[in-house]
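Enquirer: Need coordinates for the following:
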Amino acid sequence: MEKHASWDSRAAFILAAIGSAIGLGNVWRFPYIAYKFGGGAFLIPYLVALATAGIPLLILEFSLGHKMRASAPFSFSKIKKNTEWLGWFALLVGFIIVTYYAVVMAWSSRYLISSFTLEWGKNPKVVESFFFAKILGVTKGPFELGKIMWPLLGLLVLMWVWVIASIWKGAKTVSKVVWVTVIAPWVILVIFLIRGVTLPGAEEGLKYFLTPNIEALKDPAVWHAAYSQVFYSLTIGFGVMIAYASFLPRKTDIINNAIIIGLADAGTAFAGGIVVFSTLGYYAQTTGQKVADVVASGPGLAFVTYPMIINKLPLAPVFGVLFFIMLLTLAIDSAFSLVEGAAAGLLDRFKWKRYPTLIAMAVAALFIGVIYITGSGLYWLDIVDHFMNNFGLFAVVLGECIVVGWMWRSRFLRSHSNLRSEVKVGVWWEGMIQWVIPAIILFILSFTVIDRIKAPYGGDYLAEFVGGWLVIGLLAETAIIMSRMQWRKKIPAMLIPPILIASFYGLRFSWIQSHFTPQEMSGIQTPLFLALWWVGIAVLIEIALLLTKMKPMRKLALMLAPPGLVGAFYLVSCAWRANKPQIVILIFTCLVLYGGIVLSLWRSAWFVKKVKRGEIVLPDDKED
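Expert: Numbering: from 1, shown residues only. Just a heads-up that it's a prediction; the model follows:
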């Protein structure tokens with residue numbers, strides 16, 4: 001959006017924010033996750049996640065953007081200059097997501113064309129082959145690229161033309177576009193809702209969607225899925241809502257807007273679940289199957305299962321056209337909001353002209369998107385999507401809570417939002433930002449990291465590294481470089497991503513060593529190998545500390561920590577494998593004493609610093 005631009009009205013802003021939040025995930029991701037994790041029981045953690053994290057974080061991002069009047073990087077920079085990289089990381093994560101989001105739009109447009117003649121066929125195997133073989137040309141693995149699907153490339157170009165045209169003049173254009181792209185899918189969703197619940201067999205499908213399974217609430221994976229869905233669906237952590245709020249008028253009801261948008265997103269997701277499962281119930285009855293046998297996730301639901309359902313409906317071509325128009329209009333708002341958020345940051349940072357910047361971004365995204373329209377594209381899309389949403393997104397949200405809640409104090413934003421809102425938030429909101437949400441995110445990240453330590457995502461170690469950890473690491477490095485941090489601080493900061501990734505692989509190697517025989521490991525993860533690996537990580541940390549401009553005593557205290565922690569971890573892992581718990585207890589005791597020494601040195605450095613500043617006055621030993 002151009003400088004000093006603003007929304008045509010409050011309604012335009014709300015529609016744009018709702019459009020950004022409501023996307024493809026509301027139609028295929030939410031219904032499947034709800035079914036997978038206990039049906040109606042999933043709604044309980046979902047609503048808890050919405051109340052304890054979704055809406056509070058929306059208030060945070062709206063308040064931050066509105067107060068700072070800037071894009072995400074510059075909003076964080078105004079709090080503390082060294083945190084600007086967090087905003088860039090958020091925008092880069094969103095930009096990577098939109099590179100494959102546009103590809104899904106290309107799939108939808110291809111199916112929209114096919115809907116007029118029901119080109120996908122009627123036999124279930126033919127319908128499946130139409131998507132995976134004819135449209136995508138899927139190969140056997142991620143490193144077997146196959147050929148570029150040229151029809152999809154042409155449609156992908158058209159999708160990017162549509163995205164850029166929708167935000168060509170910033171808020172002015174978006175304010176007009178959203179009246180169509182947000183309202184149209186709601187109208188179509190209502191049509192499908194009415195048609196779905198009146199179909200024979202719909203009741204059986206809705207039972208699967210709504211029947212509670214309270215036992216499922218004991219599974220941590222249910223809560224993980226609920227918070228993940230809320231963050232992803234509300235576009236929290238992408239920098240988009242910060243950019244959108246920065247163009248609101250000074251007098252605007254921030255808290256009320258956040259509540260409206262959060263509830264609208266949840267309502268749309270619930271309606272999408274009713275539509276999907278009522279029609280799945282109908283399809284199960286007409287084919288003599290159980291609902292559980294026809295449920296699919298991800299692309300399989302929208303591009304395989306649903307075309308089979310459409311075949312069974314009266315006026316099938318009409319409902320086919322409506323369904324894929326709904327997918328396209330749901331996707332376009334999310335797509336152009338992610339591009340707009342990134343563009344706002346670039347325009348603030350480099351003062352470039354708007355139109356060439358948008359075109360350059362589209363070309364770059366198109367170039368990256370080519371990998372997703374090759375025969376191996378579906379594999380890479382799945383891996384990148386998993387890492388962006390389960391690591392990139394959660395890292396940004398955790399960073400937001402730390403920066404706003406601890407480095408700046410969230411009470412400033414609470415006062416700002418309450419001053420302009422009819423609905424007021426109390427001190428509880430600060431507690432959510434400072435304590436509750438970070439604790440939840442750390443739990444989710446720990447849960448996900450443990451899963452990845454045990455097995456690579458998608459079953460391929462190299463593909464997981466290339467499409468997951470390497471991409472995350474490169475985005476973090478790029479974000480640090482793009483920030484206006486001084487180079488003496490940038491260089492140590494740039495060592496952090498490789499240290500974290502190396503630590504992950506150290507944990508994975510340690511886990512493999514403790515669960516497999518040397519023959520099963522092919523002699524790779526030997527004790528010597530692990531020892532050298534952890535020593536290498538410690539050396540990287542020491543280099544990062546040496547490069548910082550820190551007081552000698554404080555630097556010395558910190559530099560004592562890595563060798564102690566690494567050594568303790570390695571000894572504990574060896575003792576644990578040898579089944580000698582008494583050694584583990586002894587090492588833990590020594591580690592506590594070691595930590596006490598490190599903290600004492602840190603405290604001494606702090607004390608000396610206070611004395612030099614005159615903040616602490618030492619007593620005079622001289623007698624009168």
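Enquirer: For the helix or strand residue 488 falls within, give me every contacting residue.
Expert: Using DSSP states H and E, residue 488 sits in helix 487-494. Under the criterion C-beta atoms under 8 Å, 6 or more residues apart in numbering, residues 82, 85, 477, 480, 481, 483, 485, 544, 545, 547, 548, 549 lie in contact with helix 487-494. All C-beta spots, glycine's among them, are computed from the backbone N, C-alpha and C.
Enquirer: Domain-wise, how is the chain divided?
Expert: 10-438, 486-613 (automatic domain parsing).
Enquirer: Same list as before, these that is, but in CSV and with mean pLDDT and mean neighbour count included.
Expert: Conversion of the domains of the chain to CSV gives the following (pLDDT from 0 to 100; neighbours: other C-beta atoms under 10 Å):
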stretch, mean pLDDT, mean neighbour count
domain 10-438, 91, 20
domain 486-613, 72, 15
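Enquirer: Would you mark the buried spots in stretch 459-469?
Expert: If you call a residue buried by 16 or more other C-beta atoms under 10 Å, then stretch 459-469 has these buried ones: 460, 463, 464, 465, 466, 467, 468, 469.
Enquirer: Can you add distance to residue 208, secondary structure and pLDDT and give these back as TSV?
Expert: What follows is these, written out as TSV (distance: C-beta to C-beta, whole Å; DSSP: H, G, I helix; E, B strand; the rest coil; pLDDT from 0 to 100):
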residue	distance to residue 208	secondary structure	pLDDT
460	32	coil	92
463	33	helix	95
464	32	helix	96
465	38	helix	95
466	38	helix	95
467	33	helix	95
468	32	helix	96
469	36	helix	96
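Enquirer: between these, which is nearest residue 267?
Expert: Comparing the buried residues of stretch 459-469 against residue 267 with C-beta to C-beta places residue 468 closest, at 33.2 Å.
Enquirer: show me what contacts the closest one?
Expert: Counting by C-beta under 8 Å, 6+ apart, residue 468 makes contact with 383, 384, 386, 387, 391, 457.
Enquirer: just how off-centre is the helix holding residue 488 within its chain?
Expert: Centroid displacement of helix 487-494 relative to its chain, using C-alpha atoms, centre = their mean, to the nearest Å, is 25 Å.
Enquirer: going on from that helix, what's the next piece of helix or strand?
Expert: helix 496-515.
Enquirer: Which strands or helices does that next one pack on?
Expert: helix 437-454, helix 470-482, helix 527-547, helix 552-577 (3 or more C-beta pairs under 8 Å, 6 or more residues apart in numbering; DSSP states H and E).
Enquirer: Distance to residue 362 added to those helices, as a markdown table?
Expert: Converted to a markdown table, those look like this (distance: least, C-beta to C-beta, whole Å):
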| stretch | distance to residue 362 |
| --- | --- |
| helix 437-454 | 32 |
| helix 470-482 | 19 |
| helix 527-547 | 37 |
| helix 552-577 | 44 |
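Enquirer: And the ones you listed: which comes nearest residue 370?
Expert: When the helices and strands packed on helix 496-515 are compared by C-beta to C-beta, helix 470-482 sits nearest residue 370, at 15.7 Å.
Enquirer: Residues touching the closest one, excluding its own?
Expert: 73, 85-86, 88-89, 92-93, 96, 349, 384, 387-388, 391-392, 490, 493-494, 496-498, 501.
Enquirer: How about that helix, which residues are buried there?
Expert: 471, 472, 473, 475, 476, 477, 479, 480, 482.
Enquirer: now that helix, how far from the centre of its chain.
Expert: Between the centre of helix 470-482 and the centre of its host chain there is 15 Å, according to C-alpha atoms, centre = their mean.
Enquirer: For residue 546, see how far away residue 221 is.
Expert: 42 Å (C-beta to C-beta, to the nearest Å).
Enquirer: rewinding a little: CSV please, covering the contacts of helix 487-494 and showing distance to residue 149.
Expert: As requested, the contacts of helix 487-494 are arranged in CSV below (distance: C-beta to C-beta, whole Å):
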residue, distance to residue 149
82, 44
85, 37
477, 32
480, 36
481, 34
483, 38
485, 42
544, 44
545, 49
547, 47
548, 49
549, 52
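Enquirer: Out of those residues, the closest to residue 507 would be?
Expert: residue 544 (19.4 Å).
Enquirer: circling back to that earlier point, including distance to residue 444, could the domains of the chain go into CSV?
Expert: Below are the domains of the chain laid out as CSV (distance: least, C-beta to C-beta, whole Å):
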stretch, distance to residue 444
domain 10-438, 5
domain 486-613, 16
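Enquirer: Out of those domains, flag the one nearest residue 447.
Expert: For the domains of the chain, proximity to residue 447 was assessed by C-beta to C-beta; domain 10-438 is nearest, at 5.4 Å.
Enquirer: what's near enough to touch residue 80?
Expert: Residues in contact with residue 80, defined by C-beta under 8 Å, 6+ apart, are 403, 407, 408.
Enquirer: Ignore what I typed, I meant residue 59.
Expert: Residue 59 touches 254, 255, 258, 413, 417, 425, 429, counting by C-beta under 8 Å, 6+ apart.
Enquirer: State the distance from the residue lying closest to it once chain neighbours are set aside to residue 245.
Expert: Counting by C-beta to C-beta, 6 or more residues apart in numbering, residue 59 lies nearest to residue 258, which is 4.6 Å off, once chain neighbours are set aside. According to C-beta to C-beta, residue 258 and residue 245 sit 10 Å apart.
Enquirer: shared neighbours of the two, anything?
Expert: residue 62.
Enquirer: where along the stretch 1-150 of the chain do the helices fall?
Expert: 10-21, 24, 30-36, 40-49, 55-68, 72-79, 84-115, 124-129, 150-166 (DSSP state H, counting those that start in this stretch).
Enquirer: which helices and strands does the second one pack with?
Expert: It stands for helix 24. Other elements packing on helix 24 under the criterion 3+ C-beta pairs under 8 Å, 6+ apart are helix 316-350.
Enquirer: State the distance from residue 40 to residue 224.
Expert: For residue 40, the distance to residue 224 - C-beta to C-beta - is 18 Å.
Enquirer: ok, now residue 278?
Expert: Distance from residue 278 to residue 224, by C-beta to C-beta: 27 Å.
Enquirer: again, but for residue 188
Expert: Residue 188 is 31 Å from residue 224, where distance means C-beta to C-beta.
Enquirer: residues in contact with residue 175?
Expert: 7, 8, 9, 12, 16.
Enquirer: how about residue 353, phi and psi?
Expert: Torsion angles at residue 353 (phi, psi; degrees, to the nearest 10) stand at phi -80, psi 150.
Enquirer: Looks like the residue nearest to residue 59 contacts residue 62 (just checking).
Expert: Yes. Between residue 258 and residue 62 there is a contact under C-beta atoms under 8 Å: 5.5 Å.
Enquirer: Save the buried residues of helix 470-482 as TSV, and put in distance to residue 367 and pLDDT too.
Expert: Converted to TSV, these look like this (distance: C-beta to C-beta, whole Å; pLDDT from 0 to 100):
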residue	distance to residue 367	pLDDT
471	15	96
472	20	97
473	20	95
475	16	97
476	21	96
477	20	95
479	20	96
480	23	95
482	19	94
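Enquirer: Which of the buried residues of stretch 459-469 sits closest to residue 151?
Expert: residue 467 (24.4 Å).
Enquirer: Distance check, that closest one against residue 507.
Expert: Taking C-beta to C-beta, one finds residue 467 at 20 Å from residue 507.
Enquirer: mind listing what the residue nearest to residue 559 when sequence neighbours are not counted touches?
Expert: Nearest residue to residue 559, sequence neighbours excluded (C-beta to C-beta, 6+ apart): residue 545, at 5.3 Å. Listed by C-beta under 8 Å, 6+ apart, the contact set of residue 545 reads 492, 555, 558, 559.
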